[in-house]
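how does the following fold in three dimensions:
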Amino acid sequence: MVEIPEGVTVQVSGKKVTAKGPKGTVEREFNVKGLVLKLQGKEVTVGKEEGSKLESDILNAVSAHIKNMVLGAKDGYTKKMQVIYSHFPISIEAKGSVLTVKNFLGEKRNREAKIIGATKIDVKGQNVTITGPNKEDVGQTVSNIKTATKIKRRDSRVFQDGLYTVE
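A predicted model of the protein is given here:
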């Protein structure tokens, strides 16, 4: 059972849940056989069909996902990263659904990271702020940035340039 806070509206149709709030809209479909989702007043109830062999850990996981959706629609999620370099000055640019990292380790080619979903990236000097209503999209975008700036074929003890998660 997930409570819905003020300012957030939730719609349930079958196994599809949509949460709308001041920070955005989050939508997800749960493809779990035997799962029953019901909207009752100001709470979403997660249950199972009669005779279904769903275990409680699956029901708890679905409840946690719905709670994250509601919190994301209400408050949003934020991750902060910082650009750190000692050898070559790195510049970052976010356009559309791609974050471009220029002059990483002095390389001529730019490195690119895909921005997932409705995630927004704000670059101010050496600080990068990643925000969005969907927790999974924000986390995947941070992971894409870390993967794009992974140091290969160099000693990682010497070359520690990159984007690092601060908060």
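
and the gap between residue 144 and residue 113?
4 Å (Cβ to Cβ, to the nearest Å). Bear in mind the C-beta positions are built from the backbone N, C-alpha and C, glycine included.

kindly report the same for residue 25.
Distance from residue 25 to residue 113, by Cβ to Cβ: 24 Å.

do the same with residue 149
Taken as Cβ to Cβ, the span from residue 149 to residue 113 is 8 Å.

what's the overlap in contacts for these two?
Residues touching both residue 149 and residue 113 (Cβ atoms under 8 Å, 6 or more residues apart in numbering): residue 101.

which residues in the chain form strands?
With DSSP state E, the ranges of strands along the chain come out as 2-3, 9-13, 16-21, 24-29, 35-40, 43-48, 77-84, 91-95, 98-102, 111-114, 120-124, 127-132, 162-165.

need these in JSON lines with distance to residue 66, can you?
Below are those laid out as JSON lines (distance: least, Cβ to Cβ, whole Å):
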{"stretch": "strand 2-3", "distance to residue 66": "5"}
{"stretch": "strand 9-13", "distance to residue 66": "8"}
{"stretch": "strand 16-21", "distance to residue 66": "6"}
{"stretch": "strand 24-29", "distance to residue 66": "8"}
{"stretch": "strand 35-40", "distance to residue 66": "8"}
{"stretch": "strand 43-48", "distance to residue 66": "6"}
{"stretch": "strand 77-84", "distance to residue 66": "15"}
{"stretch": "strand 91-95", "distance to residue 66": "30"}
{"stretch": "strand 98-102", "distance to residue 66": "29"}
{"stretch": "strand 111-114", "distance to residue 66": "26"}
{"stretch": "strand 120-124", "distance to residue 66": "23"}
{"stretch": "strand 127-132", "distance to residue 66": "17"}
{"stretch": "strand 162-165", "distance to residue 66": "26"}
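
any chance of the ones you listed in TSV with mean pLDDT as columns?
Listed next are these as TSV, based on pLDDT from 0 to 100:
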stretch	mean pLDDT
strand 2-3	90
strand 9-13	93
strand 16-21	95
strand 24-29	94
strand 35-40	92
strand 43-48	91
strand 77-84	96
strand 91-95	93
strand 98-102	95
strand 111-114	96
strand 120-124	95
strand 127-132	96
strand 162-165	91
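
fine by me, we can end here.
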